[in-house]
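Peer 1: structure for the following, please:
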Amino acid sequence: MDVKTCSAKGGKSQPGICSGPSNVQCCKLGSGKPKPVNTMLTNLADILRRAGLRVIEQPGWKTRGHGKMASVKSILIHHTAGPSKGEYPSLGVVRDGRKDLPGPLAQLGLGRSGTWYVIAAGRCYHAGKTINDSIFGNSNSIGIEAEGTGTPPDNTGHRYWPPVQ
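Peer 2: Next comes the predicted model:
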């Protein structure tokens, strides 16, 4: 949200992150500093199930990651740019990584049927370069890799995503 609206709600604007009235992530409401999580996110599967979602837990996910999460301040969602067929053919890459980037690459995977794959509880390498690592970086964000091929430049993208995603 913009600086004026944020101030009117008693918040502190987070300059340089985003602008516009619908961007609530730009306004820090509440008092004090958020308590750090500094742990593995071993409750991810339970949270998804409580939301009524289908969940498949990958063996070893509760101890998988590149260390503990510092906090959870954001969620980053990417598409896999993987194969055009199959439920979640990118699972191996998201879990195990690539030659140039070790896995896990995200805590969660989203299959074409809407099934959630719980891959890791710790920090994952999904964020890349961000405008603010203390909010959007790997240590402070949950990564979701949704199975999808990507979109051609002449399309809005909706045609290539299953409705359940």
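Peer 1: what sits against the residue nearest in space to the middle of the chain?
Peer 2: Using Cα atoms, centre = their mean, the residue of the chain that lies closest to the mean C-alpha position is Gly143, 2.7 Å off. Contact analysis of Gly143 by Cβ atoms under 8 Å, 6 or more residues apart in numbering lists Ile75, Leu76, His78, Leu105, Ala106, Gln107, Leu108, Cys124, His126, Ala127. (C-beta placed from N, C-alpha, C; glycine too.)
Peer 1: out of these, which are buried?
Peer 2: Leu76, His78, Leu105, Ala106, Gln107, Leu108, Cys124, His126, Ala127 (16 or more other Cβ atoms under 10 Å).
Peer 1: so the last one touches Ile142, yeah?
Peer 2: Which is Ala127. No. The pair Ala127 and Ile142 fails to qualify as a contact (Cβ atoms under 8 Å) at a distance of 10.3 Å.
Peer 1: between those two, which contacts overlap?
Peer 2: By Cβ under 8 Å, 6+ apart, the residues touching both Ala127 and Ile142 are Leu76.
Peer 1: for the protein, what spans make up the strands?
Peer 2: 12-13, 27-28, 55-57, 74-79, 97-98, 101-102, 108-110, 116-118, 141-146 (DSSP state E).
Peer 1: okay, Ala120: pLDDT?
Peer 2: The per-residue pLDDT reported for Ala120 equals 98.
Peer 1: ok, it touching Gln107?
Peer 2: Yes. With contacts counted by Cβ under 8 Å, Ala120 reaches Gln107, the gap being 4.9 Å.
Peer 1: quick one: common contacting residues for those two?
Peer 2: Gly65.
Peer 1: between the contacts of Gly143, which sits nearest Leu48?
Peer 2: Leu108 (7.9 Å; Cβ to Cβ).
Peer 1: residues contacting that closest one?
Peer 2: Residues near Leu108 by Cβ under 8 Å, 6+ apart: Leu44, Leu48, Trp116, Tyr117, Val118, Ile119, Ile142, Gly143, Ile144, Glu145.
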